[in-house]
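**Student:** here's my sequence, what's the structure:
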Amino acid sequence: QVQLVESGGGLVQAGGSLRLSCAASVGTFSSHTMAWFRQAPGKDRELVAAIAKDGHSTYYPDSVKGRATISRDSADNTVYLQMNSLKPEDTAVYYCAARLGWISTWGTNYDYWGQGTQVTVSS
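**Tutor:** So this is what the prediction gives:
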């Protein structure tokens, strides 16, 4: 069983930056692809970034490419999402997710989810 706990959300002004953290349970982190999804009210869940277990292969959709950076630290079993140049449309609940296997853009392919952290970007 993988447990994921997100932190770092909050209120930020447009143009600002935020770093989200996701702490994963020990013993399973290194074998999983990790990802960040988000869901805004009334909208579908969207992949924001993903990083494979090798720590090098990453994926970003066009909506955040150049503004988001995902990284993982095996020493403390944590995955990070750095978001820069935030826009009001980035406002959403951000979820950390994990799966065995390669990067997938489909949330249904992820087996474990955190509780989510709210990110609100004011204009």
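**Student:** separation between residue 41 and residue 120?
**Tutor:** Applying C-beta to C-beta, to the nearest Å, the value for residue 41 to residue 120 is 11 Å. Where C-beta positions appear, they are placed from N, C-alpha and C, glycine not excepted.
**Student:** compare these two (neighbour count), which wins?
**Tutor:** With neighbours defined as other C-beta atoms under 10 Å, residue 41 and residue 120 compare such that residue 120 has more, 15 against 7.
**Student:** show me what contacts the residue most central in space within the chain?
**Tutor:** Centroid-nearest residue in the chain, with C-alpha atoms, centre = their mean: residue 36, separated by 2.1 Å. Each residue near residue 36 by C-beta atoms under 8 Å, 6 or more residues apart in numbering is listed here: 20, 22, 47-50, 70, 79, 81, 94-97.
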